[in-house]
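Engineer: below: sequence and its predicted model.
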Amino acid sequence: MASLTLRDVRKSYGSTQVMHGVDLDIVDGEFVVFVGPSGCGKSTLLRMIAGLEEISGGSVSIGDREVNEIAASKRGVSMVFQTYALYPHMTVYKNMAFGLKQAKTDPAEIDKRVRAAADILQITDYLDRSPRNLSGGQRQRVAIGRAIVRNPEVFLFDEPLSNLDAALRVQTRLEIARLHERLETTMIYVTHDQVEAMTLADKIVVLRDGRIEQVGSPIDLYERPENAFVAQFIGSPKMNFFSGEDLTSTGSSRLGRDITRDMQIGLRPEHLVMTDSANAVVEGTLELVENLGEYALVHLLTSTNVEFIAKTERPPEVPKGSTVAFGFKPNLVHFFDANSGVRMA
């Protein structure tokens, strides 16, 4: 196991800079998730840590050694990719053993490590099969097993669940969480899926346009996002934003502070509560209801044409086109500067 330190890490392709001075500290044994929209730089940053991308400036240290000039194979990391990249002509056992065999590891040690990894991942019964006879989830476990046998100091996962269906994503996500708990190894995981980030991470790193927007625990980012981008990226459905003009005549006073033109008011869908007009903070015309059984997602439109969503226990018992009023759960309102997006105290 090892800690990881990034200092002023930059990456340029020609005159185009894509990573802009990233500073990050990852504690030994932590599960850290890089999350952000497509093109934000999360996979590029992971590949620079792995040594698969050359950095243009700054430093990457694993444990107490800087690894800028150290080859990927010597960094003590193992990477699991989005594609399984298994050798189709080899059995599961041979796929998992291949890297160790190339490194001229003693055969007895290879066998010990392969069988131990297979036991952890519950794929012992598949060791003699070829990859074509496995499901997608089983193939991904083989790819993870291939990383485990190397006994890395740091595991790197680059969107490993993207090729799996919804049920397998949930199952494999749980297996990865259990794997981290069992191995207690530093893991860095890249995803664009904020649900994966929230459920797996000890610490989330939110990236946008090659910069870190916020670093913190899942609950920190959910409860106290530092800016409007993080507020809308973390949480599903995403946070609603209103201006003072979107609120009811009594809405501003109910929020407990003066609402100005340069302010955005953030209310999460799950924190809106149906009420009567006299107690409403915001009202909307009912556009659509997604009844999901456990809860309903209610889509509405304010009189100022701002779309918003409320997450309710039951659908409103009124026809489409009706006006529905909402209050909010106390102390769960967020205020942001409308120009910079920065959280206001």
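Structural biologist: That came through, no problem.
Engineer: show me where the stretch 51-200 of the chain has its helices.
Structural biologist: Chain-ordered helices for the stretch 51-200 of the chain, with DSSP state H, counting those that start in this stretch as the definition, fall at 92-102, 107-121, 136-148, 166-183, 194-200.
Engineer: any idea which of these is most buried?
Structural biologist: Neighbour counts (mean count of other C-beta atoms under 10 Å) averaged over each of these peak at helix 136-148, with a mean of 23. Glycine gets a C-beta too; all of them are placed from N, C-alpha and C.
Engineer: now that one and helix 166-183, what's the angle there?
Structural biologist: Helix 136-148 and helix 166-183 meet at an angle of 20 degrees, taking axes from the mean of the first three to the mean of the last three C-alpha atoms, to 10 degrees as the criterion.
Engineer: show me what helix 136-148 is packed against.
Structural biologist: Identification of packing neighbours for helix 136-148 by 3 or more C-beta pairs under 8 Å, 6 or more residues apart in numbering; DSSP states H and E yields strand 77-80, helix 92-102, helix 107-121, helix 166-183.
Engineer: how far does that helix sit from the chain's center?
Structural biologist: On the basis of C-alpha atoms, centre = their mean, to the nearest Å, the separation between the geometric centre of helix 136-148 and that of its chain is 20 Å.
Engineer: likewise for stretch 54-74?
Structural biologist: Relative to the centre of its chain, stretch 54-74 is centred 24 Å away, using C-alpha atoms, centre = their mean.
Engineer: report the buried residues of that stretch.
Structural biologist: Within stretch 54-74, the residues that count as buried by 16 or more other C-beta atoms under 10 Å are 55, 58, 60, 61, 62, 63, 67.
Engineer: likewise stretch 150-159?
Structural biologist: Buried residues in stretch 150-159, defined by neighbour count with 16+ other C-beta under 10 Å: 150, 152, 153, 154, 155, 156, 157, 158, 159.
Engineer: how about these in TSV, adding pLDDT?
Structural biologist: Formatted as TSV, those follow (pLDDT from 0 to 100):
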residue	pLDDT
150	90
152	93
153	93
154	95
155	94
156	96
157	94
158	94
159	91
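Engineer: which one among those gets closest to residue 269?
Structural biologist: For residue 269, the nearest member of the buried residues of stretch 150-159 is residue 159. The distance, counting by C-beta to C-beta, is 26.5 Å.
Engineer: backbone dihedrals for the residue nearest to that closest one when sequence neighbours are not counted, please?
Structural biologist: Nearest residue to residue 159 in three dimensions, chain neighbours excluded: residue 82, at 4.5 Å (C-beta to C-beta, 6 or more residues apart in numbering). Here the main-chain torsion angles of residue 82 (degrees, to the nearest 10) amount to phi -60, psi -40.
Engineer: tell me which of the helices of the stretch 51-200 of the chain sits nearest to residue 45.
Structural biologist: Ranking these by distance to residue 45, with C-beta to C-beta as the measure, places helix 194-200 first at 14.7 Å.
Engineer: next, count neighbours for residue 87.
Structural biologist: Per other C-beta atoms under 10 Å, the neighbour tally for residue 87 reads 11.
Engineer: quick check: it vs residue 117, distance?
Structural biologist: Computed with C-beta to C-beta, to the nearest Å, the distance linking residue 87 and residue 117 is 17 Å.
Engineer: what of residue 159?
Structural biologist: On the measure of C-beta to C-beta, residue 159 and residue 117 end up 22 Å apart.
Engineer: who's in contact with the lowest-mean-pLDDT helix or strand in the chain?
Structural biologist: With mean pLDDT, DSSP states H and E as the measure, the helix or strand of the chain carrying the lowest mean pLDDT is helix 251-254 (a mean of 82). Outside helix 251-254, the residues within contact range by C-beta atoms under 8 Å, 6 or more residues apart in numbering are 244, 258, 259, 279, 280, 281, 282, 327, 328.
Engineer: try 7 Å this time
Structural biologist: By C-beta atoms under 7 Å, 6 or more residues apart in numbering, the list of residues contacting helix 251-254 from outside reads 244, 259, 280, 281, 282.
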